[in-house]
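Participant: Requesting a structural model of the entry that follows:
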Amino acid sequence: MRVSRLVAAAAANARAAGCDWLHVDFEPHLRDYYLDACGFRPTDAGLLRL
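Facilitator: Coordinates of the predicted model:
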């Protein structure tokens with residue numbers, strides 16, 4: 001899948017730049033895609049509108 005390769009490339013470049021984490025926000029209907037196809041883990045997070 002093309003987008004999965006794009007996420008993999010982003011992760012590789014972030015890792016090469018010394019980043020420890022890659023974060024993604026997504027809408028509920030994309031949950032399975034990002035967690036299953038791309039390997040992201042679910043986390044608790046907060047958001048504050050400024």
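Participant: if I look at Pro42, how far off is Ala14?
Facilitator: 19 Å (Cβ to Cβ, to the nearest Å). All C-beta spots, glycine's among them, are computed from the backbone N, C-alpha and C.
Participant: Looking at those two, which one has more neighbours?
Facilitator: Just comparing Pro42 and Ala14: by other Cβ atoms under 10 Å the higher neighbour count belongs to Ala14, 13 against 8.
Participant: so what's the residue nearest the centre of the chain up against?
Facilitator: Closest to where the C-alpha atoms of the chain average out (Cα atoms, centre = their mean) is Val24, at 3.7 Å. Contact partners of Val24, counting by Cβ atoms under 8 Å, 6 or more residues apart in numbering, are Val7, Tyr34, Cys38, Phe40.
Participant: Tell me the secondary structure at it.
Facilitator: Classification of Val24 by DSSP: H, G, I helix; E, B strand; the rest coil places it in coil.
Participant: Next up, phi/psi of Cys38, please.
Facilitator: Main-chain dihedrals, Cys38, degrees, to the nearest 10: phi -110, psi -10.
Participant: Now do the residue lying closest to it once chain neighbours are set aside against Leu48, distance only.
Facilitator: The shortest distance from Cys38 to any non-neighbouring residue, by Cβ to Cβ, 6 or more residues apart in numbering, is to Val7 (4.6 Å). Between Val7 and Leu48 the computed distance is 26 Å (Cβ to Cβ).
Participant: Compare the two and say which is more crowded by neighbours.
Facilitator: Val7 (18 against 4).
Participant: Whichever helix or strand the residue nearest to Cys38 is part of: which residues count as buried?
Facilitator: Under the criterion of DSSP states H and E, Val7 resides in helix 2-16. Neighbour-count burial for helix 2-16 flags Val7 (criterion: 16 or more other Cβ atoms under 10 Å).
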